[in-house]
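Undergrad: how would this look folded up:
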Amino acid sequence: MDNATVETSIPLRVQDEVECRHCDVHCEKVVHPGACLRTGCPFVYSYEAWGHTYMGCLQKVFDVEIDLELLQRAERSRTGFGAVRARRAPLPMCETEVLETYPQRADELGCRNPEFHELPAERATFRVFATLSD
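TA: Below you'll find the predicted structure:
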């Protein structure tokens, strides 16, 4: 794919997108389900079937259901369980990152969509407090 065929329109709320294909690098947001358990996320659910316990996300930030025992065993290892692809915009409490699928394809122009890596406006990283006086 050459630069002439790359899509040029950028969505209005680019921070809420879970993948970016505006250049040949191809970025996507991933979420770490092990962090959901560590932080006690209120949207984690679990159920038992076929002699195993499975966990997932009620908000469908990721849509896979993971064998809880395998996840916990992997989290105790040096490398951890790892990340799964986000299927919708991550929540403020989600441990996420952006992965570049083909970083070797980067060109001199660089990222066409740097806002993809930023947090959405309603998820500010700081608070502003005002004190009003007469």
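
Undergrad: going forward, measure contacts between C-alpha atoms and count neighbours the same way
TA: Noted.

Undergrad: Now do the buried residues in stretch 93-103.
TA: By 16 or more other C-alpha atoms under 10 Å, the buried positions in stretch 93-103 come out as 94-100.

Undergrad: How many residues are close by W50?
TA: 6 (other C-alpha atoms under 10 Å).

Undergrad: sorry, back to before: out of the buried residues of stretch 93-103, which one sits closest to S77?
TA: E95 (18.4 Å; C-alpha to C-alpha).

Undergrad: quick one, what contacts that closest one?
TA: Applying C-alpha atoms under 8 Å, 6 or more residues apart in numbering, we find E95 in contact with 31-32, 35-36.

Undergrad: rerun that using 10 Å as the cut-off
TA: 30-36, 39, 83 (C-alpha atoms under 10 Å, 6 or more residues apart in numbering).

Undergrad: was I right about L58 contacting R88?
TA: No: between L58 and R88 there is no contact under C-alpha atoms under 10 Å: 11.9 Å.

Undergrad: So between these two, which is more surrounded?
TA: R88 (17 against 13).

Undergrad: In three-state terms, label the more buried one for me.
TA: coil (DSSP: H, G, I helix; E, B strand; the rest coil).

Undergrad: can you tell me which two in the contacts of E95 are farthest apart?
TA: V30 and T39 (17.0 Å).

Undergrad: More neighbours: those two, which one.
TA: Each of V30 and T39 has its neighbours counted (other C-alpha under 10 Å); V30 has more, 25 against 11.

Undergrad: Excluding covalently adjacent residues, which one is nearest to the more buried one?
TA: R85 (4.4 Å; C-alpha to C-alpha, 6 or more residues apart in numbering).
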